[in-house]
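In: got a sequence here, can you build the structure:
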Amino acid sequence: MTETITAASAGTWRLGDLTVNRLGLGAMRLTHLADGSPSDRERVTGVLRRAVELGVNHIDTAAFYFSPLRSANELINRALAPYADDLVITTKVGPGRDAAGQWWWAEPGQLRGQVEENLRQLGRDHLDVVNLRVPRRETTGSVAEHFGALAELRTAGLIRHLGISNARPDHLAEARAIAPVVCVQNPYGIGSPAEDHAFLEACGEQGIAFVPFFAIAGAGKESGAAAEEGPEVRDLAEAHGVSAAQLRLAWTLGRGPHVLAIPGTGNPDHLVENVAAGSLRLTPEEVALLGGL
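Out: From the prediction side, this is the model:
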């Protein structure tokens, strides 16, 4: 009888005073399929419950994860409330979407409203971790006013811990001068440029979790994983008897004990495969080979 692999196989990390398994779940794929069609409510509710059964205790979501028929936060609430004591739900603020789906960016004074909307949808009295999402990390200047507004909400008890997303090293330094930062959530994966590798390593040196998004999709981003993998990824995945997606997740986790993975899926089979990837250990040579791509 095959033993079920759980998220605990990936090891743990602490977000402030909260311990999470390093293999988590991203909620973006709960509301719609890659082609934009609506997800099946019962199916994704089942995925959320199965994730928790498999030891996933870190779920990444946002109030702006919604489609005309689905809200990721409300799906999480429906599937998992009352929440387990060890379940950590991380969310993001900064971007917003109106009822028509048009994007807007919050001013500092609007962040409280976004935090309260997440609280309402999730049915919680506080948020475990809130990331300030930076609009365009290449060109965005100071984040102090926005991060300071979130720090005030943390002091008020609405937020337990703070993070920063889509950020540069100078954004992180600026935020840390205002309040503790437990995580950096940035696009990252095989093929990322050298400066992104360096930032990941710097976060580890500072004891800050690095949480990649698009770790499986890579340059494909919201459209999902590329149909064609390069020979290095394809051959190494075959050698380990895993899929390219599983190899990418294992490589991400292999970049350091402070690296968390939040692969998103609404597919129960992909969920099991993603969790199983947390048990795959690549050699330092394999990690270096893929990191050089």
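
In: now stretch 139-157: mean pLDDT?
Out: Averaging pLDDT along stretch 139-157 yields 97.

In: can I get it as CSV, trimmed to CA atoms?
Out: What follows is stretch 139-157 as a C-alpha-only set of coordinates in CSV (Å, rounded to 0.1, in the frame of the first residue of the first chain):
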residue,chain,number,x,y,z
THR,A,139,9.6,51.8,-11.3
THR,A,140,7.8,52.1,-7.9
GLY,A,141,9.4,54.6,-5.5
SER,A,142,8.9,54.7,-1.8
VAL,A,143,6.5,52.2,-0.2
ALA,A,144,6.8,53.8,3.3
GLU,A,145,3.4,55.5,3.3
HIS,A,146,1.5,52.4,2.3
PHE,A,147,3.5,50.1,4.5
GLY,A,148,3.2,52.5,7.4
ALA,A,149,-0.6,52.4,7.0
LEU,A,150,-0.5,48.6,7.3
ALA,A,151,1.8,48.8,10.3
GLU,A,152,-0.9,50.9,12.0
LEU,A,153,-3.5,48.2,11.3
ARG,A,154,-1.1,45.6,12.7
THR,A,155,-0.8,47.7,15.9
ALA,A,156,-4.6,47.9,16.0
GLY,A,157,-4.9,44.1,15.9
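
In: so which bits of that stretch are buried?
Out: Val143, His146, Phe147, Ala149, Leu150, Ala151, Glu152, Leu153, Arg154 (16 or more other Cβ atoms under 10 Å). Placement of C-beta: from N, CA and C, glycine included.

In: tabulate these (TSV), appending secondary structure.
Out: Formatted as TSV, the buried residues of stretch 139-157 follow (DSSP: H, G, I helix; E, B strand; the rest coil):
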residue	secondary structure
Val143	coil
His146	helix
Phe147	helix
Ala149	helix
Leu150	helix
Ala151	helix
Glu152	helix
Leu153	helix
Arg154	helix
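
In: give me phi/psi at Glu117?
Out: Dihedral pair for Glu117: phi -70, psi -40, per degrees, to the nearest 10.
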